[in-house]
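>>> Quick one: sequence and predicted model below, then my questions.
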Amino acid sequence: MVLMQSKRKLRQTKTYKLTMIALLACLCVISTLVCVAVGSVEYTIQQVMEALFSEEAEARLIIWNIRFPRVLCGGIVGICLSLAGCILQGVMRNHMASPSTIGVTSGASFVGYMMLIVFPQYYHMLPIGSILGSFVTTMVIYGLAYDRGVSPVKMILSGMAVSAVFGAFNDIIKIFFSERLADATSFMVGSLNGVSWADFKLVIPYVGVGLFVCLLLPSKMNILMLGDEMANTLGLRVERFRMFLIMVSSLLAGTSIAVAGMISFVGLIVPHIARLIIGSDYKYLFPTSILMGYSFVVICDTVGRVILPVGNLSVSVVLSFIGAPFFLYLLRKKDKNK
């Protein structure tokens, strides 16, 4: 008991939190270099550094043009989904909420499929379409679960129902329009295969906007966590702010889907572990989730690339093997706490 209290007090100190954030930042750098180095052709860290900073390096073609943009795009996916999960869990006051568990990614993917089929020439508009799909889906789920407040159980059940509907539509699209989606295999399976600097440049403006907005949110997010009544007393317009948070989470989730398609469980796992490490103060929770999300997706994608002797697993498959048991663990833990 005393040991648990001392650990809890340690997690509350500013020095501890800043130290953890610094260590996670170092992990991001290390994971980037290592994940760029490993693959069917392996390189040393020195060769990776030479390829990144010298155009005449022998490994420049593979490292700079193929692996490095893939790692950066994987990091973007991890950052966006982790932040979206943090925000949704705060909005719904439910630690099991994430873009995947409440069905947001299915709705965004449906809009993405429709754009690829109907307007393939407007591929550069895919992030906007995915963002709009995320927003509309989130609002539908929020509306279905709202009854004088948002019920966490209703939110999860509504999300599952909406996800099933959009999942059915997505399957129909894959069956009847398979030829038109032949060049979008990575998008359909949730993979980073084939991503390039073009994909990175396409989504980086949206990521920049999302990160900038998140820098302004921690203090109000902490007030929101006090409860609607207390937040209103402190001058926060709760429903308006909640709507704004839904828009921000839609921006982040849609950006992720535009890069790699449907990827599940990142927004569930990372914020939960970040809370265990750093606490619930959003001033530290956001940067911790950003750094953990980056490393988590990059490492999982690399595991998928190298785990099989021939071919590779998509990052969504690797994350599902990790995320599904973690989700069941959260359910059992919640039942025990009742």
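That came through fine.

>>> From now on I want contacts and neighbour counts done on CA atoms only, so please keep to that.
Noted.

>>> how about low-confidence regions in the stretch 151-300 of the chain?
By pLDDT under 70, the weakly predicted segments of the stretch 151-300 of the chain are 151-152, 182-186.

>>> any chance you could map the strands in the stretch 1-150 of the chain?
With strands called from DSSP state E, counting those that start in this stretch, the stretch 1-150 of the chain shows none.

>>> which stretches of it form helices?
All helices of the stretch 1-150 of the chain, identified by DSSP state H, counting those that start in this stretch, fall at 2-11, 14-37, 45-53, 60-62, 68-92, 104-118, 126-145.

>>> which helices and strands does the second one pack with?
Under the contact criterion of 3 or more Cα pairs under 8 Å, 6 or more residues apart in numbering; DSSP states H and E, the helices and strands touching helix 14-37 comprise helix 45-53, helix 68-92, helix 282-306.

>>> any idea of the mean pLDDT for the second one?
This means helix 68-92. In this model, helix 68-92 carries a mean pLDDT of 93.

>>> Report all helices and strands that that helix contacts.
Packing partners of helix 68-92 (3+ Cα pairs under 8 Å, 6+ apart): helix 14-37, helix 197-215, helix 238-260, helix 266-278, helix 282-306.

>>> Report the angle between the third one and helix 126-145.
Okay, so that is helix 238-260. Using axes from the mean of the first three to the mean of the last three Cα atoms, to 10 degrees, one finds that helix 238-260 and helix 126-145 are set 140 degrees apart in direction.

>>> Could I get the buried residue list for helix 238-260?
Under the neighbour-count criterion of 16 or more other Cα atoms under 10 Å, helix 238-260 has 238, 241-242, 245-260 buried.

>>> what about it, distance to the chain center?
Taking the mean of its C-alpha atoms, helix 238-260 sits 11 Å from the chain's own mean (Cα atoms, centre = their mean, to the nearest Å).

>>> One more: the last one?
Using Cα atoms, centre = their mean, the mean C-alpha position of helix 282-306 is found 9 Å from that of the whole chain.

>>> could you check the angle helix 68-92 makes with that helix?
Orientation note: helix 282-306 sits at an angle of 140 degrees relative to helix 68-92 (the same axes, to 10 degrees).

>>> Quick one: distance of whatever helix or strand comes next after helix 282-306 to the chain centre.
Moving toward the C-terminus from helix 282-306, the next helix or strand (DSSP states H and E) is helix 315-337. Here the centre of mass of C-alpha atoms in helix 315-337, compared against the chain's by Cα atoms, centre = their mean, lies 16 Å away.

>>> Then stretch 308-326?
Using Cα atoms, centre = their mean, the distance between the centre of stretch 308-326 and that of its chain works out at 16 Å.

>>> and it, what's its mean pLDDT?
The average of the pLDDT scores along stretch 308-326 is 84.

>>> Return the alpha-carbon coordinates of it using CSV.
Included here for stretch 308-326 are C-alpha records, laid out as CSV according to Å, rounded to 0.1, in the frame of the first residue of the first chain:
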residue,chain,number,x,y,z
LEU,A,308,7.9,-13.3,-42.3
PRO,A,309,10.6,-14.8,-44.4
VAL,A,310,8.7,-13.8,-47.6
GLY,A,311,6.4,-10.9,-47.9
ASN,A,312,5.1,-8.8,-44.9
LEU,A,313,2.2,-8.3,-42.7
SER,A,314,0.3,-5.0,-42.8
VAL,A,315,0.6,-2.8,-39.7
SER,A,316,-3.1,-3.2,-39.1
VAL,A,317,-2.7,-6.9,-38.7
VAL,A,318,0.1,-6.5,-36.1
LEU,A,319,-1.9,-3.9,-34.2
SER,A,320,-5.0,-6.1,-34.2
PHE,A,321,-3.0,-9.0,-32.6
ILE,A,322,-2.0,-6.6,-29.8
GLY,A,323,-5.1,-4.4,-29.6
ALA,A,324,-7.8,-7.1,-29.4
PRO,A,325,-6.4,-8.8,-26.2
PHE,A,326,-5.8,-5.3,-24.7
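
>>> quick one: contacts for residue 81?
99, 252, 253, 256, 266, 267, 293 (Cα atoms under 8 Å, 6 or more residues apart in numbering).

>>> can we see that at 6 Å?
Contacts here follow Cα atoms under 6 Å, 6 or more residues apart in numbering; on that basis residue 81 touches 253, 267.

>>> Got the phi and psi for residue 311?
Residue 311 adopts backbone torsions of phi 80, psi -170, taken as degrees, to the nearest 10.

>>> How many residues are close by it?
Applying other Cα atoms under 10 Å, we find 11 other residues in the vicinity of residue 311.

>>> going forward can the numbers begin at 17, since that is how I track them
From this message on, residue numbering opens at 17, which makes the last subject residue 327.

>>> From residue 278, how far out is it?
For residue 327, the distance to residue 278 (Cα to Cα, to the nearest Å) stands at 20 Å.

>>> can you check residue 239 too?
Distance of residue 239 to residue 278, given as Cα to Cα: 32 Å.
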